[in-house]
Structure formats: C-alpha cells, structure tokens
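K.L.:
A predicted structure for the sequence below; I have some questions about it.
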There are 2 protein chains.
Amino acid sequence: MSVVHRLTLGDVLDEHRRGRPLGTAVVDGPVRLTYPELDDRVDRLAGALAADGVRAGERVLWLGQNSFRVLELLLACARLGAIFCPANWRQSADELAHVLDDLAPAVVVWEEGSGGGVSREEVEKARGAGPGGQVSPDARWVRSGEEYEAYVAAAAPLTASVPASEAGTDAGAPVLALYTAAFDGRPNAALLSHSALIAHSMALLHIRQMEDGFTFLACGPLFHVGTMMFTLAAFQIGGKLVFTPAYEPAEVCRLIETERCTQAFLFGPMIDGLVEANKDRAYDLSSLRFVSHSAEWDEMISVDDSPWCASKMGGYGQTEVGGMLTFLGLGMGGAGFAGRTSPLAHVRLLDAEGNEVPPGEVGEICARGQNVFSGYWNRPELNEAKTAGGWHHTGDLGRREPDGTLTFIGPRLRMIKSANENIYPAEVERALKSHPAIADAAVIGVPDERFGQSPKAVVVLAEGAAATAEEVIEHVRGEIASYKKPRHVEFADAIPKKGYTPDYDALDERYGGGGYPGS
Amino acid sequence: MSVVHRLTLGDVLDEHRRGRPLGTAVVDGPVRLTYPELDDRVDRLAGALAADGVRAGERVLWLGQNSFRVLELLLACARLGAIFCPANWRQSADELAHVLDDLAPAVVVWEEGSGGGVSREEVEKARGAGPGGQVSPDARWVRSGEEYEAYVAAAAPLTASVPASEAGTDAGAPVLALYTAAFDGRPNAALLSHSALIAHSMALLHIRQMEDGFTFLACGPLFHVGTMMFTLAAFQIGGKLVFTPAYEPAEVCRLIETERCTQAFLFGPMIDGLVEANKDRAYDLSSLRFVSHSAEWDEMISVDDSPWCASKMGGYGQTEVGGMLTFLGLGMGGAGFAGRTSPLAHVRLLDAEGNEVPPGEVGEICARGQNVFSGYWNRPELNEAKTAGGWHHTGDLGRREPDGTLTFIGPRLRMIKSANENIYPAEVERALKSHPAIADAAVIGVPDERFGQSPKAVVVLAEGAAATAEEVIEHVRGEIASYKKPRHVEFADAIPKKGYTPDYDALDERYGGGGYPGS
C-alpha cells in the first residue's frame, strides 16, 4: 500500500488539528485540550518516548485508571510505530509481573496504588520471585501526575527531528495491545493495527450513528475493548472525549450534564446506578442519546433509534476483532441474536477440519476483514493455530440461521469426537438448558469402545424440578442432531466453574472424561 | 496485508450470499435476483470471462445504459482481479474509439445504439480511421440481452476450478475504471481498488445513514461516480439495488413506489421532474428518505435528517477519491461549504512547491487515505505528477477556514507567478465575482518586465451595471491578499468557455497572456 493510501491514528490526529482547531478533544478533571493542544502534547510525548528508546515495535505500558493520558500515550506510540498497552491495574502483583515479563515495555507510566491496585514495589517483588522473572533494567518508570507532566514538558517535540507526515508508520503495524481474559491459562495481549482500529471505528460510527459533535464519556475501564472501541470511534470522528477514573454514579451524572455527553459506556447495572443517583432529578441527562432501559431511565435521557441502540447493543465480538464482529442492528427481527457481520468483515462457520458447515449447523466463528487483529504478542504457535487456513479462528461457536443471521452458541473449549462426528459441548449444553427442569448443565466426552468417545451430560436440576435421564436425552434429541445427544446423564448439585465457563478438567476428573481428539 | 485482513468486493458478495440468503440484491425490469442468485450468476460470468482470457489486470468494458449487468460485471471482474469499466455510451464514435484504444479491453459487452448512442460499426470505423487505431482482433464483443445471457449460461462457474475464497485477489488491486471529464485534453480512466471503493462506501454509509434494508434506485448514469458510489455503498450494506436504464420521471416515480426505494440518484432539476410527474399524487413516494427541496416535494417524501441530507448533499469530491473527499455534514454551520474531511482520509492544502499553506490561504487540495485512487490507466507521467511528495493532488484549489472547515475555490488550471508569488486565477475570479456589478470574470497572467508576470482580469459586467477598472481592483484588494489583485482589467461581452471553465488558451491569445511558470 503506497503512502498516498495511508491512514494511521497519527494521520487522523493530523487532520483533526487542522479540521477542528477550536474543537475540544479531551476533558479530564481540570484538563481541557483542543485538538491542536492534544497534538502538541502528543508530539512532545512522542519525543520523550523516542529519547527513552521507544522505536517502531517497542512497547509502552500504562498501569492506572482511566485518564486522557491513555489516549495521548496511544497517539504518541502511533506516531512512533510503537505499541501501547493499557493494562488492568486491578490485577494481582503476580498477574502484573506476568504482564511486565511478557510485554517487556521500554516505558511504564503508572499511578501508584491506583483504584485499589497493588504498588510498584509489590509488582517488582513478584517479578523477582517468579521463575526467570527479573526487573528489566531498561524499563523507564514514569509516575502519572507531576512526574509525567515534567517528563512531557522537558522533551523536544518529535516533529523537531521528524516531520509528522513523514514518520513512515505503516498503517498495518500494531499500535494497541489489549490483554484478553483467558478462559484457560495466561492472558494474551491481542495486537491491533492502525488499520484494524480505524476499520472497527468506521463500522461503529455507522451502526451507532456517531456524527459530528459526538461526545463520549469513558466511564468503563479503558483496558477493556468495550470502552476503548467507543473512545477510538469518537476520536476518529473528531468528537469530544470525557475521561473519568472509574464508574462513580453521581460523578457520571454530573459529567453527562456538564459536558453534554452524547454517550457513556453503560449497561444494565450501571444504568440502574445512574437512575438511583439521579432519583431526585438533580442532573439533566437529556444530552445522552442512549438505549432504552426502564421507564425512569427513558424519561431522563433521549432514547436513541440508531441501529446500535434500537437493537439493545446486541451483537457478537471479542478483543481480537477490535470489538464487534457482528451487529444485531444489521439483522433486527432476524432469528439470530448476534445479527449480521460488520460491513468490513466476512464470516465463515468452519468445522475442525476447516470446512464450512451448512446453515443450521454449529461451527467455529471464523472471520476475515480489516478489523481482525495482528495476532497475540509473543505467541507464535498460538497465532499459527488462530489463523489456520487464512481465517481468524475466534474460538467461539456459532450458527447461521435460515435468514442468514448469526447465533452465538458459546466458547469452543472442548470438542468431543464420537463415531467420527464432531460434537461441541457448548451446543449440547445449550440444548440441555432449554429444558425447564434443568438449571445448569455441562457436557464432557467419556471414552467409548465402539465410538471412540460418547457425550455425557452432568445436569443440575432446578429447585423442586424433576427429570429422568431418559427425559433429558429425549429433550436434546428433539433440539439438535441425534448423534449429539448425551449417552450418559449424571445429576449433580453444581457444575464446577472457571469464571463463566464449566471447569472441564475438574469435570473430566470427577465424571470419567477422556479420550479427546488430539489428546 | 495478510489474507486474514483481506476484504474484496468478492468477499463482500460471499458474505451477503450467506448473511442475506433471502434478500433481494437487484431489481431491473423483469429481473429479480436474491444475493445467492446474484452470486451464482457472478460465478458463472467470471468463468465465462476467464475462458475469454480475462485474468488479473485485464479490462472488461460495458457500453450501454444502466443495467444490473453493470454490477455483475464489476463483481465478476472483482473475483478475477480484473478491471471493469462502464463507459459513457453517449459519447461520439471518435471518443469511444479512444476509450477502446486506451483501455484495450479483453471483453466488451455492449447495447446496440443504447440511449441514442452510436453503433458498434461506427465505433469500429472511427478506430480504423484514427492514427494507429485498429480494431483489436482479441477483444470479444458480447451483445447485452439474449447473447449475453447465453454467454453466461454456457460458462462453467469460476468456483468449479477456483474456490471463491482462495482466488487470491489483492484488495489493493484496481477493480473499477471510470473515465473522468477532462477539463483539458483526453479523458483518463481513474482506477479504483477494492480497498478504495470499500472505504468510500463505509464513509458514505455513515454520513448517509444507510442502514439494514436500504434500497437505492440507480437512475443516474452508472458511468459517473455520483450514481456508482451509492450503488456500491448499498451493495456494501447488503441493500437492494434497483436499476433503470436512464432517468425517466414517471418510471422513477413508479419504481420508488413499487420497490419502496429509500433513495434514488436525484438533484435539483431531476427532483423538479418528479414533482411534475407526480403532481396528481398518483405515486406514493413516502418510502424515499431524501433531501428537502420544495414544499410540494417535502410533502411527497420523508425528509431525511442524516448528515448527508440535512447538509443538502454538500461536500467536495471527484472520481479520483471514489466520490467524496469532504462532507458538509461533518461541518454544518461552519464557514466552509465543503465541510470537513471524510473520516478515512486526510487533507493538506499545498502550494506549488509542496509546502503546506496556512489556514486562510488558497492551496491545492491534496489528500491521503484509503479511498484515494490507484492512478490513471496507462498514464505513468501524469500519475507521477498527481502523487508528488506522496500526496494525491486533486487539481483543485481550496482553503481552510478559521474553524477548520474547507472551502472549494475552483480547479487549478493555471498558475500565475508574479514577483515570485503564486497566484491561482480561480481564487482571483472568485473575488471578482463577489462584486455585485460583475457577472463573469476570468484571470490570466501577462508578461511583466519587473514581476515576471502580472494578473489581468477580463470582466463581464452585469446587465445595466457599471464599474471602473479601479473599482474592480480595489474590490479584489479588499477580498484577498493585495499581491493577487489584477494589475490590468479589460471589459468584455463574454468569457470564452471550455465546458464550465474559462478557455484560458483562447483568453491568453485574445488578451496577451503568457510567461507562465514552466512554459
């Protein structure tokens, strides 16, 4: 791709400083910056990072709560071709030590004990104690606040030596690293390129109808893609970004009123919190164009009819695609509650051999498109598996409905092979849980002389409900293909869990699972 | 860019056949095709073209009025990595001969005498007569209609030999060629890549709020980017595309009612034609979500509040950026009537030496971004000049207003160099025409011993108005920088024109122009 087609996050900032010289870019406590002011700070910050050895491909880590500095660090890294990572500071010292060892950042900007997090000393102690872990002598630690401000102020602007437009950053290079919740084992840092983030922003601008003048309040955590994706989309359109350290209902209400926010990062319980905080109608929340929730809420705000809001923010996504891969707003009234694919991606449902499954069958949700990530940092083997056959494998299962809309089934954590057929526990569990007497269920594969493996259901009955093993099996047979029905059923008081998903290792041990393909 | 990030027009079609198996893709007279049916036809057509030697980079030409075949030929070329060109069939035999010689297509699909156009025989005669012109023995001519249908029906689908998803088309490869109106000399075919078209569509989807279920009536010419860009955006979102050979008011009204069209390609006089055709309210046009125009019109349709419609479809664009580069909908209420830059591009105003001019100064509108074209077919020297310094040079002049919005000044056809300062005639002409006594004006450079050149205004006074040369010069001095004011003024009855722009060669000859830089 020639330079004439290039669009990096730095280029977007270049345009905003020209196109929105009077426009407020960020608000954060007493800090208010126009786009040219933000650009000037980013330029200086990039100079400071460059002086600390941050070159193309180097990493810069943020350990702290939400701040406008998250955006300016990202943009400074964008100018340098470097990679910025806002990490979850609420992790344990051991977890943060892992992040530091894994990412090996050149510069760390941190807030001491931010949001109840651990201290730098605790993190460094944990690193020293771990196998092979040692504090990198090269990492420059900068404390957010006065020290950070002095760090920025003392630097020579990057453009003093390199004209911004000539910095030569490749739009396909990764610029943002987000650690994703690991269902199993250590978290991995998903790398997202300029192109991927810009493509995702564009799709979100469209479906959310984020227009000129859009103001987003980042009140969810910026280390999570849910808040980050709206921050980036609002930046893409030259909107105003309001930062608050963390969700605090009364402060969120105050900011919505004061800054006339169009949107904030909110869902169910967070909205309930605002309704409660504003029960005496002390705050004018009418600038908020948001999703309908309750009668009280709907009276406080302006209920929005964008496809995003009208569809109750439905869809399917993950960090590895920059946020959303499908939108219910592109398939409202359809059979599948994940809607249809983003206009900048395409989706195939593939079986374990990489062949497309027909509509109505469950397969792994695989994607290609501009918003797909560039792999995980420092995980070459995993990356190869994730892009088998040239398709990004989401690790999640889905199904095409007859109208073409998509249904998300669940994570593809295990696969059972029975009589040469692939059976995904998530699909069988879904069928089991649709039985009114069943409160929870998990499915494992047990060794089977004739079929290799056969599915076994572990079932928790609803309080006061009754069902026999035969009834349970018959129910599943009526829901999905017969070969997927459990051949064995055991009743239990509870399903052991790992986060939100069944703990399959524990289940295998307790209920005789084994013989999985590839094991 | 790895295949996992790829998105071609063929990939979009792949997704729609899966995501919209029941959705109507095209309507054209008696023809109605769902997305799977369209995909099947495209697959067969691609097979037919491949059998006729259409490989990556080869050209396919359409000579005819609007038809769903324009879309399927484009998509078949997309599958093959080939380039499709819908040409203006209303051109003269000589002009079409030039197109054939220039593009050297492998396959030509034509409608005999379509829309009052010339015949194949006339074109071939003109080619034979031209210098170096001769009918390529290799071009396969296929007549639209029964012959074309037989051509498609007889072919083996491309996917019989090449799986669609593995065809390996590069999203950066050109897929569409549109001849652009040449202000000076021969027209040139602007090449647009998959990536550029998709990026442009995405920006248009956003600003036009084209959502799920959008239906576009292509009633303007598809060889022009104005109709093509909406056709492609509606395709991108999996909408319904309704084709009609050409604008015919009653038929347009009938199609809007019957197909419940959301939008059609319409502007001022075309809208007046519909109001006239529907004066007895025989047609229900309420499905049309379109721009406000007149009281009668506004009562017939649903006046739309998307930024595109609310801003009266304002902005600045050209074929070479896939349609629009800036949108008034991103700068409503701003000083510049071209609004702000598309979210997928960035703009600089550059002087003749490639340096950025400050806000308030006139410079050439230059751009980078995903929607920028890939150069003109077969014009290596022109392409080099157009991308000088890594910026696409639009050939048009613009200005940043203090609020960052853009004003389009006019085409940069000539530049005058006076006392080492660059003066663009279009800017001076704009200042002249803002005088109430001046009906029309043109500015040329005349040789000047002291300054090299000096600006001379040729002025046409409004009927019954009077102004002296001194008054005219003083007026310009009040509008723009003093060094740009004319040093000489001549009054004339009319300005000779080439299309919409002054004929500077004729003006130079008549009024003593000369000494231009580089001449």
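P.N.:
In hand now; what should we look at? Residues are numbered from 1 along each chain as shown, chains lettered A, B, ... in the order given.
K.L.:
which pLDDT value goes with residue A:125?
P.N.:
Reading off the confidence values, residue A:125 has pLDDT 76.
K.L.:
which residues touch it?
P.N.:
By C-beta atoms under 8 Å, 6 or more residues apart in numbering or on different chains, the contact set of residue A:125 is residue A:93. C-beta here means a position set from N, CA and C on the backbone, and glycine is covered the same way.
K.L.:
now do residue A:487
P.N.:
For residue A:487, the contacting residues are A:448, A:454-456, A:473, by C-beta under 8 Å, 6+ apart.
K.L.:
dump these to TSV, plus secondary structure.
P.N.:
Shown next, in TSV, are the contacts of residue A:487 (DSSP: H, G, I helix; E, B strand; the rest coil):
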residue	secondary structure
A:448	strand
A:454	strand
A:455	strand
A:456	strand
A:473	helix
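K.L.:
what is the nearest of these to residue B:418?
P.N.:
Relative to residue B:418, the closest of the contacts of residue A:487 is residue A:455; by C-beta to C-beta it sits at 85.8 Å.
K.L.:
what's the following helix or strand after the helix or strand bottoming out on mean pLDDT in chain A?
P.N.:
Least confident helix or strand, chain A: helix A:120-129 with a mean of 74, by mean pLDDT, DSSP states H and E. Using DSSP states H and E, the next helix or strand after helix A:120-129 towards the C-terminus is strand A:140-143.
K.L.:
which strands or helices does the helix or strand just after that next one pack on?
P.N.:
As assigned by DSSP H and E, the chain's next helix or strand after strand A:140-143 is helix A:146-154. With contacts taken as 3 or more C-beta pairs under 8 Å, 6 or more residues apart in numbering or on different chains; DSSP states H and E, helix A:146-154 sits against helix A:35-51.
K.L.:
next, the buried residues of the helix it packs on.
P.N.:
A:35-50 (16 or more other C-beta atoms under 10 Å in any protein chain shown).
K.L.:
and these, which is closest to chain B?
P.N.:
Proximity of the buried residues of helix A:35-51 to chain B (C-beta to the nearest C-beta) peaks at residue A:35, which lies at 8.4 Å.
K.L.:
pretty sure that closest one contacts residue A:21?
P.N.:
Yes - taking contacts as C-beta atoms under 8 Å, residue A:35 lies within contact range of residue A:21: 6.8 Å.
K.L.:
which residues touch residue A:302?
P.N.:
By C-beta under 8 Å, 6+ apart, residue A:302 lies in contact with A:286-290.
K.L.:
what does residue A:428 give?
P.N.:
Counted by C-beta under 8 Å, 6+ apart, residue A:428 has contacts A:443, A:455, A:457, A:476, A:480, A:484-486.
K.L.:
now residue A:211
P.N.:
A:237, B:307, B:329-330.
K.L.:
do you know how far the closest residue to chain B within the stretch 401-519 of chain A is from residue A:391?
P.N.:
Of all residues in the stretch 401-519 of chain A, residue A:404 sits closest to chain B, at 4.3 Å by C-beta to the nearest C-beta. Relative to residue A:391, residue A:404 is positioned 19 Å away (C-beta to C-beta, to the nearest Å).
K.L.:
quick check: phi and psi at residue A:160.
P.N.:
phi -60, psi -30 (degrees, to the nearest 10).
K.L.:
separation between it and residue B:258?
P.N.:
Distance, residue A:160 to residue B:258, by C-beta to C-beta: 64 Å.
K.L.:
pLDDT value on the closest residue to chain B within the stretch 101-250 of chain A, please?
P.N.:
Of the residues in the stretch 101-250 of chain A, the one nearest chain B is residue A:206, at a distance of 4.4 Å by C-beta to the nearest C-beta. With respect to pLDDT, residue A:206 scores 98.
K.L.:
where are the low-confidence patches of the stretch 51-200 of chain A?
P.N.:
A:113-117, A:129-137, A:163-168, A:181-185 (pLDDT under 70).
K.L.:
what angle do helix A:120-129 and the helix or strand where residue A:95 lies make with each other?
P.N.:
Residue A:95 is part of helix A:93-103, with elements assigned from DSSP H and E. For helix A:93-103 against helix A:120-129, the angle by axes from the mean of the first three to the mean of the last three C-alpha atoms, to 10 degrees is 70 degrees.
K.L.:
from residue A:27, how far out is the closest residue to residue A:277 other than its chain neighbours?
P.N.:
Nearest non-adjacent residue to residue A:277, counting by C-beta to C-beta, 6 or more residues apart in numbering or on different chains: residue A:249, 3.7 Å away. Residue A:249 sits 19 Å away from residue A:27, taking C-beta to C-beta as the criterion.
K.L.:
which one's more surrounded, the two?
P.N.:
residue A:27 (21 against 17; other C-beta atoms under 10 Å in any protein chain shown).
K.L.:
which residues in the stretch 251-400 of chain A form helices?
P.N.:
Per DSSP state H, counting those that start in this stretch, the stretch 251-400 of chain A carries helices over the ranges A:268-277, A:295-300, A:307-310, A:380-386.
K.L.:
of those helices, which is nearest residue B:243?
P.N.:
Among the helices of the stretch 251-400 of chain A, helix A:307-310 comes nearest to residue B:243, with 26.3 Å by C-beta to C-beta.
K.L.:
what is the rounded mean pLDDT of the closest one?
P.N.:
Computed over helix A:307-310, the mean pLDDT rounds to 96.
K.L.:
possible to save the contacts of residue A:211 as CSV with neighbour count?
P.N.:
Listed next are the contacts of residue A:211 as CSV, based on neighbours: other C-beta atoms under 10 Å in any protein chain shown:
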residue, neighbour count
A:237, 22
B:307, 22
B:329, 25
B:330, 28
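K.L.:
great, nothing more from me.
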